[in-house]
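>>> fold the following and give me the result.
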Amino acid sequence: QQVESDKIIEDKSPNNTPIKSGGTGFLKDGKGYLVTNAHVVSGSSTVVVQNNKGQEFRTAIVHINNVNDIAILKIDDSDFKPLFTLPYGLKRSGADLGEPLFTLGYPREEIVYNEGYMSARTGFNGDTLTCQVGVSANPGNSGGPVFNKNGEIIGIINTRQEQAEGVVFAINSKNIFSSVDSVMKDSSSISIRLPLSSSVKGIDRVQQVKKISDCVFMVKSY
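Residues are numbered from 1 along each chain as shown. Okay, the predicted model is just below:
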């Protein structure tokens with residue numbers, strides 16, 4: 001019997017093609033629909049995502065909205081095993097000022113946890129599409145989820161703008177709802193079911209992170 005860890009992990013990246021940009025994405029439907037930033041995948045010919053075990057999956061870009069900087073990808077790979085439910089929910093109303101928050105993302109080859117708080121209800125120059133979070137991040141965190149203490153997603157890290165040290169902006173999660181509405185309006189063949197309730201509410205943070213990490217991916221654009 002073959003042990004899981006002994007399996008050779010297949011490289012899904014295109015041959016002799018350098019990575020154009022990288023970031024983070026997260027599942028918003030267990031069938032393999034992911035959210036990331038539009039600027040992470042814009043203009044790419046191939047986008048590959050990698051899970052926290054190092055396994056890569058091919059994806060297709062389903063939707064790009066450059067105005068709110070949101071892209072929706074679909075894992076299009078027979079190696080991907082769909083998830084029946086996701087551990088977190090999406091919160092339409094965002095977070096309160098001073099509310100503790102945490103992020104998971106790929107500023108490097110492994111998943112990284114960070115924590116902070118809600119700094120301002122608006123983003124750069126009073127932008128209402130985004131909010132300001134007091135958490136450290138770099139371009140690899142772009143597209144990663146921002147969670148409240150209940151494991152609900154309140155935003156998506158966005159590192160597109162020039163920023164001072166410790167000033168990071170996140171796209172408000174309500175923009176995910178509008179992007180999904182656009183996709184389903186444009187294509188009757190696509191059905192995306194957003195997770196609305198968190199099953200990790202009230203449990204220890206270490207356990208929350210363990211459950212959530214399986215649904216957060218590194219995004220590699222070629």
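
>>> C-alpha from now on. contacts and neighbour counts both.
OK.

>>> residue 53: how many residues sit nearby?
Residue 53 sits with 13 neighbouring residues when counted by other C-alpha atoms under 10 Å.

>>> please read the previous query as pertaining to residue 222.
The number of residues packed near residue 222 is 17, by other C-alpha under 10 Å.

>>> buried residues in stretch 96-112, which are they?
100, 101, 102, 103, 104, 105, 106, 107, 111 (16 or more other C-alpha atoms under 10 Å).

>>> give me the nearest residue to the third one, chain neighbours excluded.
Computed as C-alpha to C-alpha, 6 or more residues apart in numbering, the closest residue to residue 102 that is not its neighbour in sequence is residue 115, at 4.0 Å.

>>> do the same with the first one
Once flanking residues are discounted, residue 100 sits nearest to residue 117: 4.2 Å by C-alpha to C-alpha, 6+ apart.

>>> so what touches stretch 49-61?
9-12, 46-48, 71-77, 79-80, 110-111, 213-220 (C-alpha atoms under 8 Å, 6 or more residues apart in numbering).

>>> at 6 Å instead, please
9, 47, 48, 73, 74, 75, 76, 77, 217, 218, 219, 220 (C-alpha atoms under 6 Å, 6 or more residues apart in numbering).

>>> ok so, going back, how many neighbours does the residue nearest to residue 102 have?
Other residues within reach of residue 115, judged by other C-alpha under 10 Å, total 16.

>>> from residue 205, how far off is the residue nearest to residue 85 when sequence neighbours are not counted?
Spatial nearest neighbour of residue 85, excluding adjacent residues (C-alpha to C-alpha, 6+ apart): residue 30 at 6.1 Å. Plainly put, residue 30 is 22 Å away from residue 205 if you go by C-alpha to C-alpha, to the nearest Å.

>>> those two - which one has more neighbours?
A count of neighbours by other C-alpha under 10 Å puts residue 30 above the other of residue 30 and residue 205, at 18 against 15.

>>> tell me the pLDDT at that one?
Note for residue 30: predicted pLDDT of 97.

>>> quick one: residues contacting it.
Applying C-alpha under 6 Å, 6+ apart to residue 30 gives the contacts 82, 83, 84.

>>> let's see it at 7 Å
Going by C-alpha atoms under 7 Å, 6 or more residues apart in numbering, residue 30 touches 82, 83, 84, 85, 86.

>>> adding pLDDT and neighbour count, write those residues out as CSV.
Converted to CSV, these look like this (pLDDT from 0 to 100; neighbours: other C-alpha atoms under 10 Å):
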residue, pLDDT, neighbour count
82, 96, 13
83, 95, 13
84, 93, 8
85, 95, 12
86, 98, 21
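
>>> okay, and which of those map to helices?
Using DSSP state H, no member of those sits in helices.

>>> distance-wise, check the residue nearest to residue 85 relative to residue 23.
Residue 30 sits 20 Å away from residue 23, going by C-alpha to C-alpha.

>>> ranges for the helices of the protein?
Ranges of helices in the chain, per DSSP H, are 38-41, 174-186, 205-213.

>>> now, of the ones you listed, which is deepest in the fold?
Most buried of those, by mean neighbour count (mean count of other C-alpha atoms under 10 Å): helix 38-41, with a mean of 25.

>>> that helix - contacts with which helices or strands?
Packing partners of helix 38-41 (3 or more C-alpha pairs under 7 Å, 6 or more residues apart in numbering; DSSP states H and E): strand 21-29.
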